[in-house]
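1. Model the structure of this input:
(chains A and B)
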Amino acid sequence: MHIPDGFVSGPINAVCGGLALIAVAVAVIRTRASLGDTQVPLLGMTAAFVFAAQMLNFPIAGGTSGHFLGATFATLLLGPWAACLVLALVLGVQCLLFADGGITALGSNIVNMGVVATALGGGAVWLLRAILPRARSCGLAAVAVGAWLSVMGAAAACALQLSWSGKPLAVLLPAMLGIHALIGIGEAVITVAVASMVLAARPDLLPTLRMPQPVLARV
Amino acid sequence: MSTRHTVIAVSVILALAIVVAPWASSDPDGLERVAEQHAIAAAETPVWEHAVLPDYQVPGVARQGFSTSLAGALGTIGVLAAGLLLGRLIMRRSAADR
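-> Take a look at the predicted model:
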């Protein structure tokens, strides 16, 4: 979902660039407050994983492919603020080194994939964890829903940016949401699979999904 | 993080970029497909000219699969290093505040 140069108008890119700058600045401040020194390696590795996983396009319907986004996964490991920084870093490297995503659209891409996706995915997981029973299966279901929603949210934001540049929203929104509903399933599957592996090996890394010992034993 | 877990995680991540990435689908992604279908794709006008590994290929490496693997490995290591540096920069300032 990396927007190239030329798709979105200058003013919209500029506004999103400003929003992205504010978001990253706040994310730095909040990360300083909430992240522990011991989590710096985790931040680096999460960024590396998101980068590598985003290279792995998988086919969906009709000669189209999708790829992992990773906003929800990063949020589970690091919290929403550090996750925003991870996504911004990955997007920046992809843009500058790999010409993946336009430099004028970098702010828009960060807003979509670093802010909207992170907030929606993290928010959905948090809300579902609060209302669902505290079982492992419910936790993973929350992750799946959050991951799917994060992709849908990013796709909707992208459609909005494109439509503000003059293309019709009534056409773009269903098109983007339709295709990303399928890609979102891939996101959900991958996020749940990787989260499960991390949960099995290092449950301390996923405080959002941690469960009191008796429940885990029953499940 | 324990050394063993770190080594395993980094190995898996590198394996994804080196071994799996060449097999990734080259079909257009969701946005590209929508852009093609709705006459947006033609508007693409690249601005940044200094990407050293454009399209996840190493210029001058003939075999495309190997080129992708190398680009993926370089990018993964680069992002890992940048993430560690970013983390240390952020946390160092907060340590100085205390």
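2. Only C-alpha atoms from now on, for both contacts and neighbour counts.
-> Noted.
3. Give me the local confidence score for the nearest residue to B:Met91 once chain neighbours are set aside.
-> By the measure of Cα to Cα, 6 or more residues apart in numbering or on different chains, the closest residue to B:Met91 outside its immediate chain neighbours is A:Arg32, 5.8 Å from it. With respect to pLDDT, A:Arg32 has a value of 91.
4. and what of B:Arg98?
-> Confidence per residue is given as pLDDT, and for B:Arg98 that number is 48.
5. repeat for A:Ala200
-> Model confidence at A:Ala200, expressed as pLDDT, equals 89.
6. Check the one 3 residues further on too.
-> If you check A:Pro203, the pLDDT there is 87.
7. So which residue is dead centre in chain A?
-> When chain A is reduced to its mean C-alpha position, the closest residue under Cα atoms, centre = their mean turns out to be A:Ala71, at 1.9 Å.
8. tally of neighbours for A:Ala105?
-> Residues within reach of A:Ala105, counting by other Cα atoms under 10 Å in any protein chain shown, total 25.
9. quick revisit: the residue nearest to B:Met91: which element?
-> Take DSSP states H and E as the rule and A:Arg32 turns out to sit in helix A:10-34.
10. The helix or strand following that helix packs against which elements?
-> Proceeding C-terminally, helix A:10-34 gives way to helix A:40-54 as the next helix or strand, assigned by DSSP H and E. Here helix A:40-54 touches helix A:71-98, helix B:3-15, helix B:64-97, going by 3 or more Cα pairs under 8 Å, 6 or more residues apart in numbering or on different chains; DSSP states H and E.
11. Pick the most deeply packed of the ones you listed.
-> Among the helices and strands packed on helix A:40-54, the stretch with the highest mean neighbour count (mean count of other Cα atoms under 10 Å in any protein chain shown) is helix A:71-98, at a mean of 26.
12. residues near the closest residue to B:Phe66 other than its chain neighbours, how many?
-> The spatially closest residue to B:Phe66, leaving aside those adjacent along the chain, is B:Pro22, at 7.5 Å (Cα to Cα, 6+ apart). B:Pro22 is surrounded by 22 other residues when neighbours are defined as other Cα under 10 Å.
13. Hmm, B:Pro22 is touching B:Thr68, no?
-> Yes: B:Pro22 sits in contact with B:Thr68 when judged by Cα atoms under 8 Å, with a separation of 5.7 Å.
14. on that earlier part again, B:Glu49 is nearest to which of the helices and strands packed on helix A:40-54?
-> With Cα to Cα as the measure, helix A:71-98 is the member of those nearest B:Glu49 (8.9 Å).
15. Whatever helix or strand comes next after the closest one near chain B anywhere?
-> Secondary structure here is assigned by DSSP H and E; on that basis, the next helix or strand after helix A:71-98 toward the C-terminus is helix A:106-109. No: with Cα under 8 Å from any Cα of the partner chain as the threshold, helix A:106-109 lies outside contact range of chain B, at a closest distance of 11.1 Å.
16. How about whichever helix or strand comes after helix A:106-109 and chain B, touching?
-> Moving toward the C-terminus from helix A:106-109, the first helix or strand encountered (DSSP H and E) is helix A:117-131. No: Helix A:117-131 lies apart from chain B when judged by Cα under 8 Å from any Cα; the minimum separation is 15.5 Å.
17. In PDB, list the C-alpha atoms belonging to helix A:117-131.
-> Presented in PDB, the C-alpha positions along helix A:117-131 are these (Å, rounded to 0.1, in the frame of the first residue of the first chain):
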ATOM      1  CA  ALA A 117      -3.100   1.000  11.200                       C
ATOM      2  CA  THR A 118      -1.400   1.100  14.500                       C
ATOM      3  CA  ALA A 119      -4.100   2.900  16.300                       C
ATOM      4  CA  LEU A 120      -6.900   0.800  14.900                       C
ATOM      5  CA  GLY A 121      -5.100  -2.500  15.300                       C
ATOM      6  CA  GLY A 122      -4.000  -1.700  18.800                       C
ATOM      7  CA  GLY A 123      -7.300  -0.200  19.800                       C
ATOM      8  CA  ALA A 124      -9.300  -3.100  18.600                       C
ATOM      9  CA  VAL A 125      -7.100  -5.600  20.400                       C
ATOM     10  CA  TRP A 126      -7.300  -3.600  23.600                       C
ATOM     11  CA  LEU A 127     -11.100  -3.300  23.400                       C
ATOM     12  CA  LEU A 128     -11.700  -6.900  22.500                       C
ATOM     13  CA  ARG A 129      -9.400  -8.100  25.300                       C
ATOM     14  CA  ALA A 130     -11.400  -6.000  27.700                       C
ATOM     15  CA  ILE A 131     -14.800  -7.500  26.700                       C
END
